[in-house]
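fold the stuff below for me.
(chains A, B and C)
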Amino acid sequence: MMQKTTKHFSPNTSSNKKLPPSFYLQDTIEVARQLLGKRLVHIFNGKKLSGVIVETEAYLGAQDPACHSFGYKKTPRTSVMFQPGGCAYVYFIYGMYHCLNVVSGPEGEPEAVLIRAIAPDPNEENYRQMIANRKMSFKKVAALHPKDLCGGPGKLAQAFAITRSLNGLSFQSPTLYIEEASSFADSDIVTSERIGISPYNEAAFWPLRFYVKGHPCISVT
DNA sequence: GTACTGATATGCT
DNA sequence: GCATATCAGTACC
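Numbering: from 1, shown residues only, chains lettered A, B, ... in the order given. Now for the predicted structure:
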């Protein structure tokens, strides 16, 4: 169905090793860049959902007018961002979709990285589960495009069965974690403005989005 | 291919 | 009431 023979489609090389807690305590921009090429895994109802992260956005907490926690704003929704880096921040948006973020930086600095696109690991069972989770129409499944499953924050949350029940869960969890996969070369990483921020927000133009150049699964080009 | 619409939780005024 | 870190469906060209 959706396999194409590009260099991006065989990222399963290095050892399967969870990223250590220290990874998430780094500078948020570093975390956002370094998450590209890492594998997200969610074990859901005994089934493994997995794929390699290919697009992220950094949200710089108190200093970032586009971040939910701008000015250290603390609400029931944003409170997990104040935790030390290494847990999930999942929020519900537009009354329909969930978005998955990786909390980053030290405790008290409410920063996070939005996961915007993932390349699903290319095995039948993984595709089957994600297609089912996405509740795709027969028509869509028949003409499946690489970015249809996980090419966008709302889509990948649905494909990975990410809901608010995972909010605050550590990425050291046995059922939700991020592991080493294969890194992309620096020359393959593109930096751009973030997506979906109102142009009246000065932070809309900050270069905080990172993605793998030319990858078929990224959300917008 | 682009343009518009509707779905409606959360946090703000 | 209003805006928003989105997406699918529909109507056009």
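
buried residues in the worst-scoring helix or strand of chain A on mean pLDDT, which are they?
Among the helices and strands of chain A, helix A:138-142 carries the lowest confidence by mean pLDDT, DSSP states H and E, at a mean of 89. Buried residues in helix A:138-142, counted by 16 or more other C-beta atoms under 10 Å: none are found. The C-beta positions use only the backbone N, C-alpha and C, and glycine is treated the same way.

is DNA strand B contacted by that helix?
No. Helix A:138-142 lies apart from DNA strand B when judged by C-beta under 7 Å from any atom of the strand; the minimum separation is 14.0 Å.

how far is that helix from where the chain is centred?
On the basis of C-alpha atoms, centre = their mean, to the nearest Å, helix A:138-142 is displaced by 25 Å from the centre of the chain it belongs to.

can I get it in CSV, CA atoms only?
Only the C-alpha atoms of helix A:138-142 are listed here, as CSV (Å, rounded to 0.1, in the frame of the first residue of the first chain):
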residue,chain,number,x,y,z
PHE,A,138,-12.8,2.5,3.2
LYS,A,139,-12.2,5.0,0.5
LYS,A,140,-9.3,6.6,2.4
VAL,A,141,-7.7,3.2,3.2
ALA,A,142,-7.9,2.2,-0.4
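
which parts of chain A sit against DNA strand C?
Neighbours of DNA strand C within chain A, by C-beta under 7 Å from any atom of the strand: A:57, A:59, A:66-69, A:89, A:91, A:93-94, A:96-97, A:99, A:101, A:112, A:114, A:134, A:137, A:140, A:148, A:152-156, A:194-198, A:200-201, A:219.

in helices only, show me the residues you listed.
Of the positions in these, A:134, A:140, A:148, A:153-156 sit in helices, assigned by DSSP state H.

I am finished for the moment; much appreciated.
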